[in-house]
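Visitor: Coordinates for the following, if possible.
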Amino acid sequence: DIRNEGWRQSGTFTPQQATTGVNGVATFVFSGTKARTYTISAQAAGVTIAQTASVQVTKVQTTTTITSDAPDPSVLTQPVTVTFTVTAATGTPPGTVTVSDGQVSCSATVAVGQCQLTPITAGTRTLTANYPGNDTFAASLGTASHQVTLIPTTTAITAETPDPSFPTQPVLVQFTVSSLLGTPAGTV
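Guide: Here you go, the predicted model:
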């Protein structure tokens with residue numbers, strides 16, 4: 001009878017009991033549910049065997065991947081939907097992923113798999129999806145490059161008076177600067 005001393009709730013043996021073979025060896029598979037060192041002892045015919053063994057259970061490695069960032073390129077102040085996955089060789093990692101471009105961030109659960117962030121500066125941004133891990137699954141990061149462009153504008157001269165004008169005569173030039181996103185500021 002093999003026992004997981006002190007951590008009975010966080011590990012299991014398969015099978016629970018085994019009979020020794022002709023070589024005196026009984027084989028078990030131990031599955032730990034938490035990353036830690038387990039002390040394992042054995043009993044034979046109700047007598048505890050003095051020898052114990054330590055088994056180190058490590059966290060399951062994960063891979064975090066940004067699968068899309070749309071639209072890319074985006075326009076400054078335009079929300080970007082970042083889609084991500086967190087995978088592991090065994091099991092399904094739970095928890096929340098935070099996506100950041102170094103200035104702004106958004107978060108969503110692994111199950112939802114996407115969130116929206118709105119970049120506040122133009123240029124090439126590095127998006128980082130951060131899965132922090134837990135007792136069972138290791139932390140991991142995924143990155144992707146994203147381009148943010150300035151908001152396009154249209155400048156138009158709407159009138160110039162008088163036209164025609166005389167030399168040295170002031171001419172009033174009227175213009176507009178427009179954009180599909182917001183009101184442009186500054187000087188023309």
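Visitor: How many residues are close by V86?
Guide: Counted with other CB atoms under 10 Å, the neighbours of V86 add up to 24. Every C-beta, even on glycine, is put in place using the N, C-alpha and C of the backbone.
Visitor: Revised request: answer the last question for T109.
Guide: 12.
Visitor: Might one say that it is in contact with T96?
Guide: Yes - when contacts are counted by CB atoms under 8 Å, T109 is listed as touching T96 (5.4 Å).
Visitor: Below-threshold pLDDT in the protein: ranges please.
Guide: By pLDDT under 70, the weakly predicted segments of the chain are 1-16, 30-36, 38, 40-41, 44, 50-55.
Visitor: May I have the residues that are in contact with the residue nearest to the spatial centre of it?
Guide: Centroid-nearest residue in the chain, with CA atoms, centre = their mean: A129, separated by 2.8 Å. A129 makes contact with 64-66, 82, 84, 97-99, 141-143 under the criterion CB atoms under 8 Å, 6 or more residues apart in numbering.
Visitor: Next SSE downstream of the host helix or strand of it?
Guide: Counting by DSSP states H and E, the element that carries A129 is strand 123-131. With elements assigned by DSSP H and E, the helix or strand that comes after strand 123-131 is strand 140-149.
Visitor: Using the three-state scheme, assign the nearest residue to V173 once chain neighbours are set aside.
Guide: In this structure, V173 finds its nearest non-sequential neighbour in E160, 4.8 Å apart by CB to CB, 6 or more residues apart in numbering. Using DSSP: H, G, I helix; E, B strand; the rest coil, the secondary structure recorded for E160 is strand.
Visitor: Give me the neighbour count for T48.
Guide: Neighbour count for T48, taken as other CB under 10 Å: 13.
Visitor: what's the distance between it and P167?
Guide: In this view, T48 and P167 are 112 Å apart by CB to CB, to the nearest Å.
Visitor: isn't the residue nearest to V173 right up against Q169?
Guide: No - using CB under 8 Å, E160 is not in contact with Q169; the gap is 11.7 Å.
Visitor: Compare neighbour counts for those two and give me the winner.
Guide: Set E160 next to Q169 and count neighbours by other CB under 10 Å: E160 wins out with 12 against 8.
Visitor: show me what contacts V104?
Guide: Contact partners of V104, counting by CB under 8 Å, 6+ apart, are 117-120.
Visitor: repeat that with 10 Å
Guide: V104 sits next to 80, 117-121, 125 when contact means CB atoms under 10 Å, 6 or more residues apart in numbering.
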